[in-house]
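> the amino acid sequence is not available; the structure is as follows:
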């Protein structure tokens, strides 16, 4: 009998309040304050990110969707039949749908997403569209080691799907660590399909993170709204502003929340002082040349087997396989 959305069971390993409190205290205690980008994604944050993807300045999503529209068949052929598809950061599932439409007898679809509401909404829609594909959602932080659910039948290979250029949100050392996690989880014979944003005109890149409608501004500030609600912090949201700048030398967008005045923020019994114009880092968005990313992958024991790009070479979808043993 085909699974219906109501039959789906979620493996919920979402970080709890104490974990979030510890993360925020640790980040605010740093000399250069820093909070992880995963804190963006509550229900409203996920909805705002979907809205960002529709902004005219945000070329990334529509370019990647165009690549998938043109090449999803070839990508599916590369993976072959009887694949278990594990997606990190499943989001709305539009690109996933394109891939599932071309896969031959997939063993299971395992989306891993930190926002439970976004996860279940996406899975419900995909389960309706693909009733013969077993859905095994996992609500968890994909940057930590995962215990994947057992599939009802053995897959020929496990493929990790990591779209949306999310790998760019991590500095080099952390990106290599996450690629190594993927390498372990895909096992022998597996592969990684990954979205990688490419270097281009800095003005075009910077505009994508500063849309005229202010959706990205609302998305960034929503992190503070969420923390106030969920762990009882007292950020004055009106006293922070969004800032996103492209660092040409580092090849990345650097996004921060900037305090517009001197102020104190309380986390439980702890007090953290902000100076006027002090920036709290919340996200990187790294851009790569094809050579840059191949070198990064090699440090994780992976090699680039195939690359699919749009005609203007603004964005890439790459297929990585194991190359050398990792110490």
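Cool, got the structure. Just so it is clear, the structure is predicted and the values come from calculations on it, not from any experiment. Residues are numbered from 1 along each chain as shown.
> residue 121: neighbouring residues, count only.
20 (other CB atoms under 10 Å). Any C-beta I mention is one placed from the backbone N, CA and C, and that applies to glycine too.
> same deal with residue 258?
Residue 258, neighbours per other CB under 10 Å, totals 15.
> for it, list the residues it contacts.
Contacts for residue 258 (CB atoms under 8 Å, 6 or more residues apart in numbering) come out as 240, 241, 242, 243, 277, 278, 279, 280.
> please name the nearest non-neighbouring residue to the first one.
Once its chain neighbours are removed from consideration, residue 240 has its nearest residue in residue 257; the separation is 4.7 Å (CB to CB, 6 or more residues apart in numbering).
> out of the contacts of residue 258, which is most surrounded?
Busiest of the contacts of residue 258 [other CB under 10 Å] is residue 240, holding 24 neighbours.
> where in the stretch 1-150 of the chain is pLDDT low?
1-15, 91-92 (pLDDT under 70).
> in it, what residue spans correspond to helices?
17-29, 43-52, 59-79, 94-100, 116-129 (DSSP state H, counting those that start in this stretch).
> closest one to residue 298 among these?
helix 59-79 (19.8 Å; CB to CB).
> quick one: distance of the closest one to the chain centre.
17 Å (CA atoms, centre = their mean, to the nearest Å).
> which of the helices of the stretch 1-150 of the chain sits closest to residue 154?
Per CB to CB, nearest to residue 154 of the helices of the stretch 1-150 of the chain: helix 59-79, 15.6 Å.
> that closest one to helix 43-52, inter-axis angle?
Interaxial angle, helix 59-79 versus helix 43-52 (axes from the mean of the first three to the mean of the last three CA atoms, to 10 degrees): 90 degrees.
> for helix 59-79, buried residues please.
Buried residues in helix 59-79, defined by neighbour count with 16 or more other CB atoms under 10 Å: 59-61, 63-65, 67-68, 71-72, 75-76, 78-79.
> how about stretch 197-205?
Applying 16+ other CB under 10 Å to stretch 197-205 flags 197, 198, 199, 205 as buried.
> which one is residue 96 nearest to, not counting chain neighbours?
residue 87 (5.9 Å).
> give the contact list for residue 281.
Here residue 281 is in contact with 32, 33, 34, 35, 254, 255, 256 (CB under 8 Å, 6+ apart).
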